[in-house]
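> need a 3D model of the sequence below.
(one chain, ligands or ions: 1)
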Amino acid sequence: MSVPNVVVHRDADMLAKAVAARVITRLVDVQSARGSASLVLTGGTVGIATLAQIAASPARDAVDWRRLDIWWGDERFLPSGDPERNETGARKALLDHVDLDPERVHVMRGPGSGMTAEESAEAYTEELRRAARPEDHGPAPSFDVLMLGMGPDAHIASLFPEMPALHDTRPAVAVHGSPKPPPTRISLSLPVIQGANEVWVVAAGQDKAGAVRLALSDAGPVQVPAAGARGRRRTLFLLDRAAAAKIPASLGRISSP
Ligand SMILES: O=C(O)[C@H](O)[C@@H](O)[C@H](O)[C@H](O)COP(=O)(O)O
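All right, here's what the predicted structure looks like:
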């Protein structure tokens, strides 16, 4: 797993703009080399703000949206169209504004599908297995970019400290009793997150500063899930100054445009 690099931007708005530019550039590079690309979305305020900035970018359509696979790191187990679903936020911010291939938008099903949360997680696991290529060496694609928001408790996706899902090795898991509402969710598991080529943790605000410090330490991922947010080839912590305020100077590896 790759050692995290930290990039700090002046505030949450500039962070979202900079991450949007980074997503576009990375997807264009991958598509030019391989023809298609895969992007894992996150919920949360910064995650959705980043999608809105991608939609607003003059460079947006440099991405070949028809040859992009969209996945989610987690989803709230709510009916399709519910405003609290990460999918709803993503569609409003970006997906409804670009020409995606609907077959390549991989949604985590909600209760309206007739599935329980466990069945929805199993269905997503199967979808991940079907998409995995031999070179991925695992039960899920090695996503080109996997974006993660992070909570003040250092949760990532819907993997919360000390909860059973952190010990689950199935590719997608059902989460019950989430401390962040709503209580029932679907989440990628840590092994699938760590199987991504690049993992980008995007966080803003002083309430995240303590979690960022722990996430960049040698803490264990059961107590500090964000400490397990590491990609195969690259790990980025993309922060605003407030979220970076408690990073020890000894850490180095910090660029601050
Ligand atoms: O479903 C969710 O809520 C997200 O996937 C979750 O992991 C989120 O990214 C973090 O809680 C950060 O959220 P904020 O950026 O809003 O603090």
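> surely S142 and V199 touch.
No. In terms of CB atoms under 8 Å, S142 does not count as a neighbour of V199; the distance is 11.0 Å. For glycine as for every other residue, the C-beta is placed from the backbone atoms N, C-alpha and C.
> these two: which is more packed in?
V199 (29 against 20; other CB atoms under 10 Å).
> helix/strand/coil for that one?
Reducing the assignment at V199 to three states with DSSP: H, G, I helix; E, B strand; the rest coil gives strand.
> just grab the bridge partners of it for me.
Taking DSSP bridges as the rule, V199 bridges to L146, T235.
> how about the nearest residue to D153, chain neighbours excluded?
Computed as CB to CB, 6 or more residues apart in numbering, the closest residue to D153 that is not its neighbour in sequence is P161, at 5.6 Å.
> am I right that the one you found falls within a helix?
No. Assignment of P161 by three-state DSSP gives coil, placing it outside any helix.
> and it, how many neighbours?
Here the number of neighbours of P161 (other CB under 10 Å) works out to 18.
> and what of the one 10 residues further on?
Close neighbours of P171, defined as other CB under 10 Å, add up to 22.
> same question for R241.
As a burial measure, R241 scores 17 neighbours (other CB under 10 Å).
> that one reaches A12, doesn't it?
No. Applying CB under 8 Å, one finds R241 not in contact with A12, separated by 9.8 Å.
> E103: neighbouring residues, count only.
Residue neighbour count, defined by other CB under 10 Å, stands at 7 for E103.
> that one and A62, how far apart?
22 Å (CB to CB, to the nearest Å).
> mind listing the strands for the stretch 151-257 of the chain?
Per DSSP state E, counting those that start in this stretch, the stretch 151-257 of the chain has strands spanning 172-175, 185-188, 198-203, 234-240, 254-255. These are given in chain order.
> quick one, what contacts the residue in the stretch 51-200 of the chain that the ligand sits nearest to?
Evaluated by CB to the nearest ligand atom, the stretch 51-200 of the chain has G149 as its residue closest to the ligand, separated by 2.1 Å. With CB atoms under 8 Å, 6 or more residues apart in numbering as the criterion, the residues that contact G149 are 42-47, 156, 201-203.
> just L236 next, same as before
4-7, 198-201.
> and the residues you listed, which are buried?
4, 6-7, 198-201 (16 or more other CB atoms under 10 Å).
> and which of those is nearest to R22?
The shortest distance between R22 and any of the buried ones among the contacts of L236, using CB to CB, involves W200 and amounts to 7.7 Å.
> tell me if I'm right that that closest one and F143 touch.
No. W200 sits out of contact with F143 when judged by CB under 8 Å, with a separation of 10.6 Å.
> lowest average confidence across helices and strands of this structure, where is it?
Using mean pLDDT, DSSP states H and E, the weakest-scoring helix or strand in the chain turns out to be strand 254-255, at a mean of 68.
> G73 against L190, yeah?
No. Taking CB under 8 Å as the definition, G73 is not a contact partner of L190, at 11.1 Å.
> out of those two, which sits in the more crowded spot?
G73 (29 against 23).
> pLDDT below threshold where in the stretch 51-200 of the chain?
Across the stretch 51-200 of the chain, nothing is flagged by pLDDT under 70.
> spell out which parts of it neighbour the ligand.
Within reach of the ligand by CB under 6 Å from any ligand atom, the stretch 51-200 of the chain has these residues: 74, 76, 86, 149-151, 155-157, 180.
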